[in-house]
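Peer 1: Fold the following, please.
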Amino acid sequence: MPYINGKIIKELRERKNLTQKQLGKIISVSDKTVSKWETEKGLPDITLLEPLSKALGVSVAELLSGESISNKNRAGNIGKMKFYVCPVCGNIIASMGEGAFSCCGINLPPLSTEKAEEASFKIERPEGDIYIRFNHPMTKEHYISFAAYITYSGICIKKLYPEQEAEVSFPFTGKGRILFFCNRDGLFEFNI
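Peer 2: Below you'll find the model as predicted:
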């Protein structure tokens with residue numbers, strides 16, 4: 001796991017137009033301490049990570065990774081949702097925009113979607129529901145992990161497991177998108 005270094009601290013401090021003395025005052029350390037961090041003669045104590053990240057205007061995850069994360073979805077548009085899946089435990093994280101998430105010690109990248117081929121699924125509409133059968137294997141090695149139905153007003157996620165049927169049903173609540181995640185091939189989507 002990457003750890004904060006002096007270059008990151010200096011770059012973020014200068015971006016905020018702070019002197020070492022000003023930064024030190026904000027987080028209750030001396031300017032000499034900040035100088036030691038920036039020249040890599042020492043590192044901040046773990047108890048200082050949260051105050052340091054706040055003073056520098058970044059999240060703790062950004063401070064640790066040295067990568068800036070910008071959520072351009074300020075209005076919380078559900079159509080711009082991002083999904084993150086842990087490759088170790090299969091944990092699913094849905095976010096209204098990009099974020100910094102980790103699970104099982106791994107920084108998770110947002111999944112990109114690909115357009116699903118029409119032959120990969122079949123949709124039926126019994127009694128106001130959406131029933132989807134996927135043409136996909138469901139073995140322990142290769143399976144659909146989840147499917148999500150996203151409309152302008154909400155999201156419904158259904159978890160699928162290996163060796164069960166590759167099918168889901170959702171109550172129909174309007175036009176939207178269906179996303180499904182294959183543990184090998186990634187995230188796919190289609191409109192309904």
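Peer 1: Enumerate every residue touching A119.
Peer 2: N135 (Cβ atoms under 8 Å, 6 or more residues apart in numbering). Heads up, the C-betas are built off the backbone N, CA and C, glycines and all.
Peer 1: Quick check: it vs V168, distance?
Peer 2: Distance, A119 to V168, by Cβ to Cβ, to the nearest Å: 18 Å.
Peer 1: Please identify which helix or strand holds R13.
Peer 2: Using DSSP states H and E, R13 sits in helix 6-15.
Peer 1: Specify the angle between the next helix or strand after that helix and helix 6-15 in degrees.
Peer 2: Next along the chain after helix 6-15, taking DSSP H and E as the criterion, comes helix 20-27. Here helix 20-27 runs at an angle of 90 degrees relative to helix 6-15 (axes from the mean of the first three to the mean of the last three Cα atoms, to 10 degrees).
Peer 1: Tell me which residues are up against helix 20-27.
Peer 2: 13, 16, 18, 30-31, 33-35, 38, 48, 51-52, 55-56.
Peer 1: list the buried ones in that helix?
Peer 2: Using 16 or more other Cβ atoms under 10 Å as the test for burial, helix 20-27 gives 20, 23-24, 27.
Peer 1: How about stretch 182-192?
Peer 2: For stretch 182-192, burial by neighbour count (16+ other Cβ under 10 Å) applies to 182-183, 187-188, 190, 192.
Peer 1: Looking at these, which is nearest E114?
Peer 2: F188 (5.3 Å; Cβ to Cβ).
Peer 1: For the buried residues of helix 20-27, give me a markdown table that also has distance to I93 and pLDDT.
Peer 2: Output for these, formatted as a markdown table (distance: Cβ to Cβ, whole Å; pLDDT from 0 to 100):
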| residue | distance to I93 | pLDDT |
| --- | --- | --- |
| Q20 | 37 | 94 |
| L23 | 32 | 94 |
| G24 | 36 | 93 |
| I27 | 30 | 94 |
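Peer 1: which stretches of this structure have low pLDDT?
Peer 2: Applying pLDDT under 70 to the chain picks out residues 1-3, 67-77.
Peer 1: can you do 50?
Peer 2: Counting by pLDDT under 50, the chain contains low-confidence ranges at 1-2, 73.
Peer 1: where along it do the strands fall?
Peer 2: Counting by DSSP state E, one finds strands in the chain at the ranges 82-85, 92-95, 101-103, 106-108, 113-115, 121-124, 129-134, 144-151, 154-159, 167-171, 176-182, 186-191.
Peer 1: so can I have TSV of the ones you listed showing distance to N5?
Peer 2: Below are the strands of the chain laid out as TSV (distance: least, Cβ to Cβ, whole Å):
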stretch	distance to N5
strand 82-85	25
strand 92-95	27
strand 101-103	18
strand 106-108	16
strand 113-115	34
strand 121-124	47
strand 129-134	45
strand 144-151	36
strand 154-159	38
strand 167-171	45
strand 176-182	34
strand 186-191	32
